[in-house]
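Asks: Show me the folded form of this:
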Amino acid sequence: MSSPADAATPLDSSHPNYWGQTSVRWAIIAFFALAHGLAVWGAVHIVTHFSWATLSLGIGWYLLCGLSITAGYHRLFSHQSYKASAVVRALYLMFGAASCQNSALAWCQDHRRHHRYTDEPADPYSTSHGFLWAHIGWIWHVTPADTPEVKVDDLERDPLVRFQHNFWVPLAVMFGAVIPAAIAGLWGDALGGLLVAGFLRLVLAWHSTFSVNSFAHTFGQRAYAAGASARDSAWVALISLGEGYHSFHHRFQSDYRNGVRWYHFDPSKWLIWTLSRLGLARQLIRVPVRSREAAQSTAGGRA
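Replies: Next up, the predicted model:
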């Protein structure tokens, strides 16, 4: 997940823990608290006013928004592991906004910084600052002023990305709350649409994304790079729509897949492949098998 590169008082970037050194973003914390409260209400609502239609809408919205982060923000925009049609990019940007993880431009800038400075002080969500910092704390604090910039010129040239960057908040409200409530209103459960497909879906997707920054840098096997914190974790892949094979991803970030084996759970990979069969995606990047095997041999891992 990403946060804006806000200005702050410079801090000692060699310090092992950023907690207490940067300004707290109280508005963000308040929104997180509100969203979690409404998510609990959503869970209660779906139990006490059960509706297959509302539950299906919530699951569908979760997949649309989640895959827009994994296959869209992450693999397409951040790493350019494939190319996609304007229609696909627009859908990623609309439902990505509904995920309330910032604009694609800001998200990708933070994520590219994470890859360039993995496990270093400039890594925005490094586990070296603590597990909780990597999971959620970094979002609650202003980005240090001395944090190095990472170029996103390629994204700035995309008119769709620029549009979403300028209007992502109203897009988030529309696609994340108004539309699901309106759809559920068709069967008389607008409140359920808002609470279940809106906020319960949102909070579950947040922690799905956050788990990659925290759990996948703490638990699992360093199958492709023994010296890095990124790890392969099948159970993180299950809750993150395929993003858990993180050691592989950090070693070969340009590959459109995270799970390279046929049995690896990676719905994002399956979506991208399907889009390519439909002519909506092209130039899918795949790392040669010999390169993967060489990396595994050096790391002493297996996948």
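Asks: residues contacting Val150?
Replies: Shown in contact with Val150 (CB atoms under 8 Å, 6 or more residues apart in numbering): Gln109, Arg112, Arg113, Arg116. To be clear about C-beta, it is placed using only N, CA and C from the backbone, and glycine gets the same treatment.
Asks: dump the residue contacts of Val44.
Replies: Contacts of Val44 (CB under 8 Å, 6+ apart): none.
Asks: Who are the packing partners of the helix or strand of the chain with the lowest mean pLDDT?
Replies: Every helix and strand in the chain was compared by mean pLDDT, DSSP states H and E; the lowest is helix 289-299, with a mean of 87. Applying 3 or more CB pairs under 8 Å, 6 or more residues apart in numbering; DSSP states H and E, one finds that helix 289-299 contacts helix 246-251.
Asks: and the following helix or strand past the helix it packs on, what's its mean pLDDT?
Replies: Going down the chain from helix 246-251, the next helix or strand is helix 267-277, by DSSP states H and E. For helix 267-277, mean pLDDT is 98.
Asks: okay, and for the stretch 1-150 of the chain, where does confidence drop off?
Replies: 1-21 (pLDDT under 70).
Asks: Quick check, pLDDT for the residue sitting furthest away from the middle of the chain.
Replies: The C-alpha centroid of the chain is most remote from Gly188, which lies 32.2 Å away (CA atoms, centre = their mean). For Gly188, the pLDDT comes out at 98.
Asks: and if you look at the one 5 residues further on?
Replies: Per-residue confidence for Gly193 comes out at a pLDDT of 98.
Asks: and if you look at the one 10 residues further on?
Replies: Val203 is assigned a pLDDT of 98 by the prediction.
Asks: and it, how many neighbours?
Replies: Residues lying near Val203 (other CB atoms under 10 Å) number 20.
Asks: Could you pull out the strands in the stretch 1-150 of the chain for me?
Replies: For the stretch 1-150 of the chain, strands defined by DSSP state E, counting those that start in this stretch occupy the ranges 83-84.
Asks: picking that back up, for the residue farthest from the centre of the chain, which three-state class applies?
Replies: Put simply, Gly188 is coil when judged by DSSP: H, G, I helix; E, B strand; the rest coil.
Asks: Quick check on it: phi, psi?
Replies: phi 80, psi 20 (degrees, to the nearest 10).
Asks: what separates Ala106 from Ile179, distance-wise?
Replies: Ala106 sits 23 Å away from Ile179, going by CB to CB, to the nearest Å.
Asks: Next: Arg282.
Replies: 29 Å.
Asks: Please identify which of the two sits among more neighbours.
Replies: A side-by-side neighbour count of Arg282 and Ile179, using other CB under 10 Å, places Ile179 first with 17 against 11.
Asks: Tell me the confidence at that one?
Replies: pLDDT at Ile179 comes out at 98.
Asks: so it is in which element?
Replies: Ile179 belongs to helix 179-185, assigned by DSSP H and E.
Asks: for the very next helix or strand once past that helix, packing partners?
Replies: Scanning forward in sequence from helix 179-185 by DSSP H and E, the next helix or strand is helix 190-192. Here helix 190-192 touches helix 26-48, helix 179-185, going by 3+ CB pairs under 8 Å, 6+ apart.
Asks: which residues of the protein fall in helices?
Replies: Ranges of helices in the chain, per DSSP state H, are 26-48, 52-67, 86-98, 104-116, 131-135, 153-156, 159-173, 179-185, 190-192, 201-214, 234-239, 246-251, 267-277, 289-299.
Asks: okay, the ones you listed in JSON lines with distance to Phe77 next?
Replies: JSON lines is the format used below for those (distance: least, CB to CB, whole Å):
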{"stretch": "helix 26-48", "distance to Phe77": "22"}
{"stretch": "helix 52-67", "distance to Phe77": "13"}
{"stretch": "helix 86-98", "distance to Phe77": "8"}
{"stretch": "helix 104-116", "distance to Phe77": "5"}
{"stretch": "helix 131-135", "distance to Phe77": "21"}
{"stretch": "helix 153-156", "distance to Phe77": "6"}
{"stretch": "helix 159-173", "distance to Phe77": "7"}
{"stretch": "helix 179-185", "distance to Phe77": "22"}
{"stretch": "helix 190-192", "distance to Phe77": "32"}
{"stretch": "helix 201-214", "distance to Phe77": "14"}
{"stretch": "helix 234-239", "distance to Phe77": "21"}
{"stretch": "helix 246-251", "distance to Phe77": "15"}
{"stretch": "helix 267-277", "distance to Phe77": "13"}
{"stretch": "helix 289-299", "distance to Phe77": "24"}
